[in-house]
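1. Everything below, folded, please.
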Amino acid sequence: KGVVSGLPSTESLATHRVISSAGNRVFQIDSFASDDTLSDGSTYSYKSQIVPVDSYEITAIHELICNFFGYRKVAFISSNNNIGQAFLDKMTVFRDYCELDQLSNIIIPQSVTDFSNTINDIQSSGARVIILLVSGSIAARILELGYRNGLFGEGFQI
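-> Predicted structure coming up:
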């Protein structure tokens with residue numbers, strides 16, 4: 001028996017509680033859940049992750065920014081939902097790994113369609129790395145306007 005899902009972490013944890021409550025040995029595979037607690041093999045012995053856990057992704061991001069590119073000045077652009085906020089919270093937890101100078105933290109409501117203020121805020125921040133924690137459509141619009149308005153160029157990492 002097995003369960004394959006594309007559920008977020010909270011729902012994946014709840015699913016695990018339900019299928020394991022009667023002592024069932026049901027294998028669970030998740031393609032979206034990424035909470036660090038789900039990688040505990042002693043608690044979730046019949047569970048497999050398709051995506052890496054958040055702590056691994058954040059460590060890799062820090063490694064790229066700090067050690068590969070040698071940058072410290074970062075701007076975060078995130079959506080105003082739980083995923084964007086959770087990722088920002090975890091980025092600050094890993095500050096011991098490498099100290100990032102968080103120059104700008106812009107939270108974008110889902111209803112925003114004009115990103116000219118966002119582009120201006122990033123330009124004035126002096127950030128050399130821009131991390132987008134938004135939906136694909138919002139990221140595409142920010143990238144399009146950013147290129148058109150000279151935000152991105154040589155020496156910038158997105």
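2. make it CA atoms for all contacts and neighbour counts henceforth
-> OK.
3. got any ranges where the chain has weak pLDDT?
-> 1, 31, 82-83, 92-104, 109-110, 154-158 (pLDDT under 70).
4. hey, where'd the strands end up in this protein?
-> Taking DSSP state E, the strands of the chain run over residues 2-5, 27-30, 47-49, 73-79, 101-108, 129-133.
5. Quick check: buried residues in the third one?
-> Looking back up the chat, that one is strand 47-49. For strand 47-49, burial by neighbour count (16 or more other C-alpha atoms under 10 Å) applies to 47-49.
6. re earlier: out of the strands of the chain, which comes closest to residue 147?
-> strand 129-133 (12.9 Å; C-alpha to C-alpha).
7. for that closest one, packing partners?
-> Where contact means 3 or more C-alpha pairs under 8 Å, 6 or more residues apart in numbering; DSSP states H and E, strand 129-133 is packed against strand 73-79.
8. how many neighbours does residue 147 have?
-> 13 (other C-alpha atoms under 10 Å).
9. From residue 108, how far off is it?
-> 19 Å (C-alpha to C-alpha, to the nearest Å).
10. picking up where we left off before, output the strands of the chain as CSV; include the columns distance to residue 21.
-> Formatted as CSV, these follow (distance: least, C-alpha to C-alpha, whole Å):
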stretch, distance to residue 21
strand 2-5, 15
strand 27-30, 13
strand 47-49, 14
strand 73-79, 35
strand 101-108, 39
strand 129-133, 35
